[in-house]
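> build me a model from this:
(one chain, ligands or ions: 1)
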Amino acid sequence: MKNHLTRSIRFLVAGAALLLLLISCQTSPQAQIPAPTIQPTAVASSEGELSANPAQLPPLPYDYGALATAIDAETMKLHHDRHHAAYVENLNAALTQQPNLQNRSVEALLRDLNSLPEAIRTTVQNNAGGHLNHTIFWQIMSPNGGGQPTGEIAQAINQSFGSFDNFRKQFNQAGGDRFGSGWVWLVRNPQGQLQITTTPNQDNPITTGNFPLLGNDVWEHAYYLRYQNRRAEYLSNWWNVVNWQEVNRRWQRASQR
Ligand code: MN
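Modelled structure (predicted):
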């Protein structure tokens, strides 16, 4: 009797083992064990930073014509669909030569340009810069923008520049004085202070340790169709679309670093 019971148990165990074996052969390993959620960019990309694996053109957050109080639809279309797209394309092309660098974020590449191989350094500087600059640019504008600054950035601007009018005047002056192509920025410098600065070409302030809060593109491609050589008029109208909510969000992010 005992012998019979032992044999039955053995039979059951063997049957169960066979069943498990059959199940494991019929289902893929992924189905049994959840695939590890390793994201290729997770190592290098701090929260909110842009992936270079590959870099992707973000969609415009509004219609081409939505910022018409400052920028015409045709300029927006060319600027986003052609100029920005080209920076993304060129960055990706350069990084195919150095696949290990694709694991860094766009920001990380720009923060440490000297660590890049010389053969692609300038290409990355120009095109990672172009990608980051324009991504920030679309976000810090809005059809519902303009008017006086709001939130904490309004107080910070008043403390640093005396008034919004003063700040705007200095910013427009700096943008007008930037010779050739480049950008004019409001940054949080490494000492935590607000500062107006300009960069040539597609250089981004993070390369020199500053965090960009607000930036205007003073390349001719940003304004020439509508304003021709009247950069000052473009700089002045641009305040009609500044998205202070997003600038405040960037200020928060900068302050947490
Ligand atoms: Mn541009």
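> now do the SS call for Leu213.
At Leu213, secondary structure determined by DSSP: H, G, I helix; E, B strand; the rest coil is strand.
> mind listing what it touches?
Counting by CB atoms under 8 Å, 6 or more residues apart in numbering, Leu213 makes contact with 153, 185-188, 194, 247, 250-251, 254. C-beta here means a position set from N, CA and C on the backbone, and glycine is covered the same way.
> one more: Gln98?
116-117, 120.
> of those residues, closest to Asn166?
The shortest distance between Asn166 and any of the contacts of Gln98, using CB to CB, involves Leu116 and amounts to 39.1 Å.
> nearest residue to the closest one in space, please, no chain neighbours.
Distances taken as CB to CB, 6 or more residues apart in numbering place Val124 nearest to Leu116, at 5.7 Å, with adjacent residues excluded.
> what do you get for His80?
Excluding the flanking residues, the one nearest His80 by CB to CB, 6+ apart is Leu60, at 5.2 Å.
> ok, back up a step: what number of residues are in the vicinity of the residue nearest to Leu116?
When counting by other CB atoms under 10 Å, one arrives at 23 neighbours for Val124.
> and the one 3 residues further on, by the same measure?
Neighbour count of Asn127, defined by other CB under 10 Å: 25.
> looking at it, it is touching Gln202, isn't it?
Yes - A contact is recorded between Asn127 and Gln202 when judged using CB atoms under 8 Å, the distance being 7.3 Å.
> which neighbours do the two have in common?
Contact with both Asn127 and Gln202 is made by residues Tyr87, according to CB under 8 Å, 6+ apart.
> got the CA positions of stretch 131-148 in CSV?
Once side chains and other backbone atoms are set aside, the C-alpha atoms of stretch 131-148 remain, and they are given as CSV (Å, rounded to 0.1, in the frame of the first residue of the first chain):
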residue,chain,number,x,y,z
HIS,A,131,18.8,70.6,-31.5
LEU,A,132,18.8,71.7,-27.9
ASN,A,133,18.4,75.5,-28.6
HIS,A,134,15.4,75.0,-30.9
THR,A,135,13.7,72.5,-28.6
ILE,A,136,13.9,75.1,-25.8
PHE,A,137,12.9,77.9,-28.2
TRP,A,138,9.6,76.2,-29.2
GLN,A,139,8.7,75.5,-25.6
ILE,A,140,9.4,78.9,-24.2
MET,A,141,6.9,80.4,-26.8
SER,A,142,3.2,80.0,-26.7
PRO,A,143,0.1,81.5,-28.5
ASN,A,144,-1.1,82.3,-25.0
GLY,A,145,2.2,83.9,-24.0
GLY,A,146,3.4,87.5,-23.8
GLY,A,147,2.6,90.1,-21.2
GLN,A,148,4.3,90.6,-17.9
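> re the thing from before, okay, and the residue nearest to Leu116 sits in which element?
Val124 is located in helix 118-139, with elements delineated by DSSP states H and E.
> what packs against that helix?
Contacting helix 118-139 under the criterion 3 or more CB pairs under 8 Å, 6 or more residues apart in numbering; DSSP states H and E are the following elements: helix 85-95, helix 106-111, strand 211-217.
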